[in-house]
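1. Okay, sequence plus prediction incoming.
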Number of protein chains: 2
Amino acid sequence: MNVFIQRPGRRDAQKDATRVRILEAARDHFERHGFEAANVRAIAADAGVAAGTVLLHFADKRDLLHAALFDDLAATAAEAVRDEEPGSLEQRLHRLGAAFFAYYARRPALSKTLLRDALFADPPWQARFTEQVAAVHGRVVELFNAARAQGEVADDADPALFGVAFFSFYYFALIAWAQGAHPSPIALLDRLVAQHLCGLRPAANVRRAR
Amino acid sequence: MNVFIQRPGRRDAQKDATRVRILEAARDHFERHGFEAANVRAIAADAGVAAGTVLLHFADKRDLLHAALFDDLAATAAEAVRDEEPGSLEQRLHRLGAAFFAYYARRPALSKTLLRDALFADPPWQARFTEQVAAVHGRVVELFNAARAQGEVADDADPALFGVAFFSFYYFALIAWAQGAHPSPIALLDRLVAQHLCGLRPAANVRRAR
């Protein structure tokens, strides 16, 4: 094996491990102290690295916040999207929403900062956020199409528009939760999805839940 | 007429006129320079008052921003809610949404700052924002009930939940517009409302638009 290929590989792995350790320390730090009070030096100390090492990996505190959150969200999305369990469209959409809400509930302070930031992020985070949203939207459309193939929803219903409606409900429930106005965002999401879906059933099934 | 009642009245009117002039200067200033670059001294100069006068009326730049925006939004809401023109539920909801989107389009920079701030405002602005949202939600429920009385929507449809769905679509369209992702938020709102409503029609009318 060529040592010139092997060596950078080992260095990359080490660099990745350092990055992961810094991000883990940053998440805990942001969650405990809030974004405003957090500082790079204390995060570096928690991660057992020099402050300069943190700044080799991340431009500043905000960059660190985005990296920590978007990594988590990407992992949550990948897991939620992988869902292979059978169920009705409503059950599958419930699981998709529940996976995200469970993440936010584990890291409430971090998530509220994220919500404010992600919705109005600047590049390159804006692009990464848009990409993640597109992936989840694509998954909602897939679930909708699978339900359509099963005769659960009508043939003439618009799947992409349904995906946008799902995101509208999801964001609304998330914002209401972040504002402290709603203790159970998933229950609200379920009710909104149910009311929306009642018009998209095949003619024989309409009026199930209003 | 008692001069002791008259005098403070005149002073109040003068104070109100000064407040209105400061807010008008602030709106133009925020719109032209953005919130970050705006400063109280320049706004005072535009309004033809001393910086100290501005600070008698408003705690700081952020307070000024909130006062300017919430006054405008309250006026927009009052006008939109006053709508007495007849029409289908979809037409009336379109007019309600269009009134707000027209305001945002007139003051895009200010509105984008508002959106970010209003969704996550601190007290007392949070309370004022919640109150305004509740008023518009109440109006949506009224329109829905009027449509129900006309047989446009089914008797067993949940009006309050429909109001939440309407707000979900409205916020989604607004956020998409603020991110530059959608040029016509009102067209998106109309399509989402139409898909949602198709399940809430009386049985004979379902499947109108999917």
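-> Done, it's in. Numbering: from 1, shown residues only, chains lettered A, B, ... in the order given.
2. What residue, apart from its backbone neighbours, is nearest whichever residue of chain A sits closest to chain B spatially?
-> In chain A, the residue that lies nearest chain B is A:G199 (2.2 Å; Cβ to the nearest Cβ). From N, CA and C alone the C-beta is placed, and that goes for glycine too. Closest residue to A:G199 apart from its sequence neighbours, by Cβ to Cβ, 6 or more residues apart in numbering or on different chains: B:G199 at 2.2 Å.
3. what about the one you found, which SS state?
-> coil (DSSP: H, G, I helix; E, B strand; the rest coil).
4. ok, now how distant is it from A:L192?
-> To A:L192, B:G199 is 12 Å away according to Cβ to Cβ, to the nearest Å.
5. same question, A:E142
-> Note on A:E142: its distance to A:L192, by Cβ to Cβ, is 20 Å.
6. isn't A:L188 right up against A:I175?
-> No: assessed by Cβ atoms under 8 Å, A:L188 is found out of contact with A:I175, at 10.7 Å.
7. what touches both of the two?
-> Contact criterion Cβ atoms under 8 Å, 6 or more residues apart in numbering or on different chains; no residue bridges A:L188 and A:I175 by contacting each.
8. where's the most centrally placed residue in chain A, which helix or strand?
-> With distances taken as Cα atoms, centre = their mean, A:L73 lies nearest the centre of chain A, 3.6 Å away. Following DSSP states H and E, one finds A:L73 within helix A:61-81.
9. That helix close to chain B?
-> No: Helix A:61-81 does not reach chain B (Cβ under 8 Å from any Cβ of the partner chain); its nearest approach is 14.8 Å.
10. Could you list every helix and strand in contact with that helix?
-> helix A:3-37, helix A:40-47, helix A:89-106, helix A:108-119, helix A:125-149 (3 or more Cβ pairs under 8 Å, 6 or more residues apart in numbering or on different chains; DSSP states H and E).
11. what angle sits between the third one and helix A:108-119?
-> Taking axes from the mean of the first three to the mean of the last three Cα atoms, to 10 degrees, one finds helix A:89-106 and helix A:108-119 inclined to each other by 110 degrees.
12. And for the shortest one?
-> Orientation check (the same axes, to 10 degrees): helix A:40-47 against helix A:108-119 gives 130 degrees.
13. burial count for A:L161?
-> When counting by other Cβ atoms under 10 Å in any protein chain shown, one arrives at 19 neighbours for A:L161.
14. That one contacts B:Q195, correct?
-> Yes: look at A:L161 against B:Q195 with Cβ under 8 Å: they come within range, at 5.4 Å.
15. any low-confidence regions in chain A?
-> Where chain A drops to pLDDT under 70, the residues are A:1-9, A:83, A:202-210.
16. interface residues of it facing chain B?
-> When proximity is defined as Cβ under 8 Å from any Cβ, chain A approaches chain B at A:112, A:115-116, A:119-120, A:126, A:130, A:154, A:156-158, A:161-162, A:164-165, A:167-169, A:171-172, A:175, A:178-179, A:181, A:188, A:191-192, A:195-201, A:203, A:206-207, A:210.
17. domains of chain A?
-> A:1-58, A:67-205 (automatic domain parsing).
18. roughly how far is the last one from the heart of the chain?
-> Distance, stretch centre to chain centre, for domain A:67-205: 9 Å (Cα atoms, centre = their mean, to the nearest Å).
19. one step back: write the PyMOL selection for whichever of the residues of chain A next to chain B are buried.
-> To isolate the buried members of those in PyMOL, using 16 or more other Cβ atoms under 10 Å in any protein chain shown:
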select buried, chain A and resi 112+115+116+119+120+126+154+157+158+161+162+164+165+167+168+169+171+172+175+178+179+188+191+192+195+196+197+198+199+200+201+206+207+210
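20. Buried residues of stretch A:145-156, list them for me.
-> A:A147, A:R148, A:E152, A:V153, A:A154.
21. end-to-end on it?
-> Start to finish, the residues bounding stretch A:145-156 are 11 Å apart (Cα to Cα, to the nearest Å).
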